[in-house]
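A.B. asks: I would like the atomic coordinates for the input below:
(chains A and B)
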Amino acid sequence: MFVDLRDRYGKTQVVFTPDGGAELLAEARQLRTEFVIAVTGKVAKRPEGTINPKLDTGEIELRCRKLELLNKSLVPPFQPGTMELPGEDLRLKYRYLDLRRPDMQRTIVLRHRMIKAMRDYFDEHRFIEVETPMLGRSTPEGARDYLVPSRVHPGKFYALPQSPQLYKQILMIAGYDRYVQVARCFRDEDLRADRQPEFTQLDVEMAFVDSDDVIGIIDGLVGKLAKDILGLDVKLPLARMTYDEAMERYGHDAPDLRFGMELVDVTELAKEADFRVFKEAAANGKRVRGLNAKGAAEKYSRKGIDELTAFVMQDHGAGGLVWFKVEPDGTLASPTAKNFQPDLLKRIGEKLGAAPGDFLCFVADTFETTCKALNGLRKRLAKELKLYEPNAMHFSWVVEFPMFAYDEEEKCWAAMHHPFTAPRPQDLAMLESDPGKCRAQAYDLVVNGYEAGGGTIRIHDQGVQQQVFDLLGLSRETARDRFGFLLDALQYGAPPHGGIALGIDRCVMIFGGLDNIRDCIAFPKTQKAADLMTEAPGQVDARQLKELSIKINT
RNA sequence: GGGGGCGUAGCUCAAUUGGUUAGAGUACCGGACUGUCGAUCCGGUGGUUGCGGGUUCGAGCCCCGUCGCCCUCGCCA
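C.D. replies: This next block holds a predicted model:
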């Protein structure tokens, strides 16, 4: 009789033979799946012809002399070794069973190794890890806070940190010139496949540095992680691209550079078009942009193109999708083609490098909408057309983000990053004259189309800080009320400083080749921020609420 | 808050236009076999078709509501 004995390190076959005694064999027959046992015996080479080359331990077996049942198990709702992965809700409810699966074990170990490598790297570079509070003060900017009621201050609340941003700046002012923390952060916003309400950042801050210093340190980290974890040699320094260039060439501030298929602007040509959609867009200050899916013409039927059209319209707000298939003779063909002068079509095709068999897509709309729609289209087409290797990795930087984005609803400027972000020195003058053109000392690390991290150089000058607050419509009183402690601290000898935060969960997800952040977190939450195992959030006693001076309205 | 997908045995799934007693694989239980390792063979247990209404002679299937999970837009400085 045979038993597969599994632990964290693998599986070994245990053999019970009749010559071990009838009693032992009878005991072994009582064993069931997931029982916990201790076995004493001799490890031996398997007899001729019973070696299983498919298993790491396929050449040996443990001949049992003594069996101890340490604990029984209920019949599990799914087997950790199952081929058919159960539904995710079931996996989350029985997370302890799910975590026994080799895939999950690999990811959890990968996560450990990555965090260990990060800590080692920063330790080697003289960074020190400092813990910052979880119970802090709510700052209404940015994401929604998770609030914690105070018992001793009725009606007042702590907020869980969205990030340790302010604390790490204070640490710079306090003279700890190289800080790092593996920090838990909380944001009460709607979730996505790559977002959790509570997540982990590698938080970094340095004093006496500029953008290049911070980027340089992270370059080194990326090189180490790629080498140690994936065995990859990444060429350093990592390539950099400005925000404007990223938006122009890819329509997104975190472009996936594992493949090309760049966006091409044809607004100038569109001005000449008889086709009204193009002509009017170009005339009204909008943009006409497109992309060329090389050789994809035959892969998209009329129905497939209808789906793409619905995709850019419904999901990304485009007015429509104009497309052409390039015929063997090089002409652009589609139902809309008849609205164009043939000569113009030819020039449009040339601009996109069209060759027979190519599939061209265009969107005419505002710059923002063409970005959204074509970025969405680019990613979707790349996936469907398999334009990149599944295990390809691409790291790069996007730099020089705008300082501000105009909020149309609120009719005011909003900080693109956070209100402590320093403008580029050469843009200082534009803070007053043309805030929209002002560029920040900001940098995002982009990996395979994900924003893996982002950071900035901070404002350490009281006057500049005030200018930014003014621009954001933050009154002196409000600013004082919210970040008075930081403003005070900045006046006690604050060094120039800046830093970055990397999303550890996302990094593990990308390095692990996963498409979902929950799979690299031991105990993740669902899209509605619930924990299916503990059933959090849950109700609390009336007594607890009373102590907190809280009444529930429902 | 909006759009989409899914929900049927413990698990993974099937069930023709709405039509007989809702099936299969697997798991589980019992037996046979005993060098097996995704064992095999024989037999068996197992269903509030997520929940609540409605339409119909008749609903797993259609309609309304609701709950849950996933993807996505908004949102996430």
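
A.B. asks: residues touching the residue lying closest to A:E68 once chain neighbours are set aside, list them.
C.D. replies: Leaving aside its chain neighbours, A:E68 sits nearest to A:A38 (4.2 Å; criterion: Cβ to Cβ, 6 or more residues apart in numbering). For every residue, glycine as well, the C-beta is placed using N, CA and C. Residues in contact with A:A38 (Cβ atoms under 8 Å, 6 or more residues apart in numbering) are A:L67, A:E68, A:L70.

A.B. asks: mind pulling up the phi and psi values for A:D56?
C.D. replies: Main-chain torsions, A:D56, degrees, to the nearest 10: phi -60, psi -40.

A.B. asks: run a quick neighbour tally on it.
C.D. replies: Using other Cβ atoms under 10 Å, the number of residues around A:D56 comes to 12.

A.B. asks: report the contact partners of it.
C.D. replies: Residues near A:D56 by Cβ under 8 Å, 6+ apart: A:G10.

A.B. asks: do the one 10 residues further on as well
C.D. replies: With contacts taken as Cβ under 8 Å, 6+ apart, A:K66 has the following neighbours: A:L24, A:V39, A:T40, A:G41.

A.B. asks: same thing but 6 Å
C.D. replies: Taking Cβ atoms under 6 Å, 6 or more residues apart in numbering, we find A:K66 in contact with A:T40.

A.B. asks: confirm it sits in a strand?
C.D. replies: Yes - with DSSP: H, G, I helix; E, B strand; the rest coil as the criterion, A:K66 is located in a strand.

A.B. asks: longest helix in chain A, please.
C.D. replies: The helix spanning the most residues in chain A, taking DSSP state H as the definition, is helix A:102-124.

A.B. asks: tell me the helix or strand right after that one.
C.D. replies: Next helix or strand after helix A:102-124 toward the C-terminus (DSSP states H and E): strand A:128-129.

A.B. asks: so which residues on the stretch 251-400 of chain A come close to RNA strand B?
C.D. replies: A:Q314, A:D315, A:H316, A:G317, A:K372, A:G376 (Cβ under 7 Å from any atom of the strand).

A.B. asks: A:P140: which element?
C.D. replies: If you go by DSSP H and E, A:P140 is not part of any helix or strand.

A.B. asks: now do the phi/psi pair for it.
C.D. replies: Taking degrees, to the nearest 10, you get phi -60, psi -10 for the backbone angles of A:P140.

A.B. asks: quick one on the thing from earlier: any of the residues of the stretch 251-400 of chain A next to RNA strand B buried? List them.
C.D. replies: Burial by neighbour count, 16 or more other Cβ atoms under 10 Å: within those this picks out A:H316, A:K372, A:G376.

A.B. asks: would you map the helices across the stretch 201-350 of chain A?
C.D. replies: Listed in chain order, the helices found in the stretch 201-350 of chain A under DSSP state H, counting those that start in this stretch are A:211-225, A:243-250, A:267-270, A:276-283, A:302-310, A:342-351.

A.B. asks: export the shortest one as PDB, just CAs?
C.D. replies: What follows is helix A:267-270, C-alpha atoms only, in PDB (Å, rounded to 0.1, in the frame of the first residue of the first chain):
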ATOM      1  CA  THR A 267      -4.200  65.100 -38.000                       C
ATOM      2  CA  GLU A 268      -2.400  67.100 -40.600                       C
ATOM      3  CA  LEU A 269      -3.500  64.700 -43.400                       C
ATOM      4  CA  ALA A 270      -7.000  64.600 -41.900                       C
END
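
A.B. asks: thinking again about what came up before, closest to A:K299 among the residues of the stretch 251-400 of chain A next to RNA strand B?
C.D. replies: Among these, A:G376 lies closest to A:K299 (Cβ to Cβ), at 17.8 Å.

A.B. asks: tell me if that closest one really is in a strand.
C.D. replies: No - assessed with three-state DSSP, A:G376 is helix; it does not lie in a strand.

A.B. asks: give me the pLDDT for it.
C.D. replies: Looking at A:G376, its pLDDT reads 95.

A.B. asks: for the residue lying closest to it once chain neighbours are set aside, list the residues it contacts.
C.D. replies: Spatially, and ignoring its direct neighbours in sequence, A:G376 is nearest to A:H316 (4.8 Å; Cβ to Cβ, 6+ apart). Going by Cβ under 6 Å, 6+ apart, A:H316 touches A:K372, A:A373, A:G376.

A.B. asks: give me the domain ranges for chain A.
C.D. replies: With automatic domain parsing as the criterion, the domains of chain A are listed as A:2-75, A:87-238+A:495-554, A:259-384, A:401-440+A:461-494.

A.B. asks: want to throw these into TSV with distance to A:G454?
C.D. replies: Shown next, in TSV, are the domains of chain A (distance: least, Cβ to Cβ, whole Å):
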stretch	distance to A:G454
domain A:2-75	36
domain A:87-238+A:495-554	7
domain A:259-384	18
domain A:401-440+A:461-494	7
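
A.B. asks: follow-up on the earlier one: from the residues of the stretch 251-400 of chain A next to RNA strand B, pick the one nearest A:D358.
C.D. replies: Proximity of those to A:D358 (Cβ to Cβ) peaks at A:G376, which lies at 19.7 Å.

A.B. asks: low-confidence ranges in the stretch 251-400 of chain A?
C.D. replies: Along the stretch 251-400 of chain A, segments meeting pLDDT under 70 are nowhere present.

A.B. asks: for the residue in it that RNA strand B sits nearest to, which non-adjacent residue is spatially closest?
C.D. replies: Across the stretch 251-400 of chain A, no residue is closer to RNA strand B than A:D315, which sits at 4.6 Å (Cβ to the nearest atom of the strand). Of all residues not flanking A:D315 in the chain, A:G376 sits nearest, at 6.2 Å (Cβ to Cβ, 6+ apart).
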